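Enquirer: Need the 3D shape of this:
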Amino acid sequence: MSSSPIRVVIAKPGLDGHDRGAKVVARALRDAGIEVIYTGLHQTPEMIVETAIQEDADAIGLSVLSGAHMTLFARVIDLLKERGASDIVVFGGGIIPEDDIDDLTALGVAKVFTPGTRTQEIVEWVNDEVGASTAA
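Expert: The predicted structure is shown next:
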């Protein structure tokens, strides 16, 4: 197992200005010993992917409440492939209809957390799933 901590970029893509959930998740991950790079509001998919590559991130967590989740997640995943960085795990959450979760999974999103998910569940998932992929 790798001795370096898991590195996660937490990002708010698009024009959505609601960042409380993203900040709560970022703090919970940080408090659990995960290195977190929070990009702030109004990030483009290009900016998010560039940050993840520059920061040598193991994962990107997207917070989307604007309804543009299908477009934004797909663009981030496509950019990671284009940049040869498809080993970066993409997960996220926000106001995402249950009906869209299977479609996001088919695009390559590793996990979608819905409103009300406990932060401990997110921390455990990142440690188990992202930590396992970085140890491989």
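
Enquirer: which SSE is the residue positioned nearest the centre of the chain in?
Expert: Nearest to the geometric centre of the chain sits Gly61, at 1.2 Å (CA atoms, centre = their mean). Mapping Gly61 onto the secondary structure by DSSP states H and E places it in strand 59-64.

Enquirer: just Glu46 next, same as before
Expert: In the assignment (DSSP H and E), Glu46 maps to helix 45-54.

Enquirer: which strands and helices sit next to that helix?
Expert: Helix 45-54 is packed against strand 7-11, strand 59-64, helix 69-82, with contacts defined by 3 or more CB pairs under 8 Å, 6 or more residues apart in numbering; DSSP states H and E. C-beta: built from backbone N, CA, C; applies to glycine.

Enquirer: Which secondary structure element of this structure has the lowest mean pLDDT?
Expert: Of all the helices and strands that make up the chain, the one with the lowest confidence by mean pLDDT, DSSP states H and E is helix 131-135; it has a mean of 78.

Enquirer: how about that one: buried residues?
Expert: Of the residues in helix 131-135, those buried by neighbour count under the rule 16 or more other CB atoms under 10 Å are Gly131, Thr134.

Enquirer: Give the other helices and strands that that helix contacts.
Expert: Using 3+ CB pairs under 8 Å, 6+ apart as the contact test, no helix or strand touches helix 131-135.

Enquirer: C-alpha coordinates for that helix, CSV please?
Expert: Once non-C-alpha atoms are left out, helix 131-135 reads as follows in CSV (Å, rounded to 0.1, in the frame of the first residue of the first chain):
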residue,chain,number,x,y,z
GLY,A,131,-7.3,4.1,-1.7
ALA,A,132,-7.5,0.6,-3.3
SER,A,133,-7.0,2.0,-6.8
THR,A,134,-3.9,4.0,-5.7
ALA,A,135,-2.4,1.0,-4.0
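
Enquirer: other SSEs contacting the strand holding Gly61?
Expert: Taking 3+ CB pairs under 8 Å, 6+ apart as the contact definition, the neighbouring helices and strands of strand 59-64 are strand 7-11, helix 20-31, helix 45-54, helix 69-82, strand 89-94.
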